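> Generate coordinates for the sequence data below:
(one chain, ligands or ions: 2)
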Amino acid sequence: MSNGNMNLTLKIWRQPNTNASGKMETYTLGGVSPDMSFLEMIDVLNDKLIREGKDPVAFDHDCREGICGMCSMFINGEAHGPNKGVTTCQLHMRSFKDGDTIYIEPWRSEGFPVIKDLMVDRSAFDRIIQSGGFISVNTSGRTMDANAIPVAKEDADKSFDAATCIGCGACVATCPNSSAMLFVSAKVSQFALLPQGHPERKERVTNMVKQMDAEGFGNCSNIGACEVQCPKSISIENIARMNREYLSASIKPEN
Ligand code: SF4
Ligand code: FES
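Ligands and ions are numbered 1, 2, ... in the order given. This is a model prediction of the structure:
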């Protein structure tokens, strides 16, 4: 096209609510700039649908800069689309071609029921965090400055890498077992690697794994798809660390 804009065919999962059955609907959209983000492209589609008196496509989004983890969807069968190490909001339409057909679907996992269209309920992750993904610190005027505790550089770096998990759920959605172990292990690791996380490390890993199982997520069978599709490139090394933490918490007495 002379102005560089694209015409697209969009096949989008439409599902009115959790209990209704959904189906793929086809939409055509013209004038899509390669500089638009993927979410801006859906905004343009929704403007068009609203003007036509139709129901816009429901999708989750918030920060639109790769931080919040809300913009979760499958694009052409890949979590967060074709580019590695980015979220859907960081994906640009220049990654597609004029005339392309793009398939857009919600996460598919029993642990993440569809709320509407592309939106899924990821509150299972919130409940896992509530079960132990924190440290208990009593704050007072005499609280020790966290920077006063020495931390080895390598541990600090690994902890920071684990802490970049944004809770998007791509790992679960991609795993054939719907395993949440990449997510949970990142959250366990960020504390297990730091002295501040040590006092509660046993109960943390025990409770988080228990809640993960209660939510119906499957086990890890070392397929590794989660690491490939994770927009933050969280390493499956964290799963091995969580397994060691769990084993150690299981076999050693509390005191
Ligand atoms: S481990 Fe990666 S894919 Fe899984 S929730 Fe965290 S950021 Fe998303
Ligand atoms: S909208 Fe926040 S990570 Fe995409």
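> In terms of secondary structure, what does the helix or strand harbouring residue 212 contact?
Here residue 212, judged by DSSP states H and E, is contained in helix 201-214. Packed against helix 201-214 by the contact rule (3 or more Cβ pairs under 8 Å, 6 or more residues apart in numbering; DSSP states H and E) you find helix 123-130, helix 181-192, helix 237-251. Heads up, the C-betas are built off the backbone N, CA and C, glycines and all.
> so which of those is the most packed in?
Across those, averaging neighbours per residue (mean count of other Cβ atoms under 10 Å) puts helix 181-192 on top, at a mean of 26.
> list the helices and strands that one packs on?
On a contact count with 3+ Cβ pairs under 8 Å, 6+ apart, helix 181-192 meets helix 123-130, helix 153-163, helix 170-174, helix 201-214, helix 225-229, helix 237-251.
> what's the burial count for residue 73?
Neighbourhood size, residue 73 [other Cβ atoms under 10 Å]: 28.
> quick one: contacts for the closest residue to it other than its chain neighbours?
Using Cβ to Cβ, 6 or more residues apart in numbering and skipping residues adjacent in sequence, the residue nearest residue 73 is residue 118, 4.9 Å away. Contacts for residue 118 (Cβ atoms under 8 Å, 6 or more residues apart in numbering) come out as 12, 13, 57, 58, 59, 60, 73, 104, 105, 106.
> neighbouring strands for the helix or strand where the first one lies, and are they parallel or not?
Secondary-structure assignment from DSSP H and E places residue 12 in strand 6-14. Strands that pair with strand 6-14, judged by DSSP bridges, come out as strand 23-32 (antiparallel), strand 101-105 (parallel).
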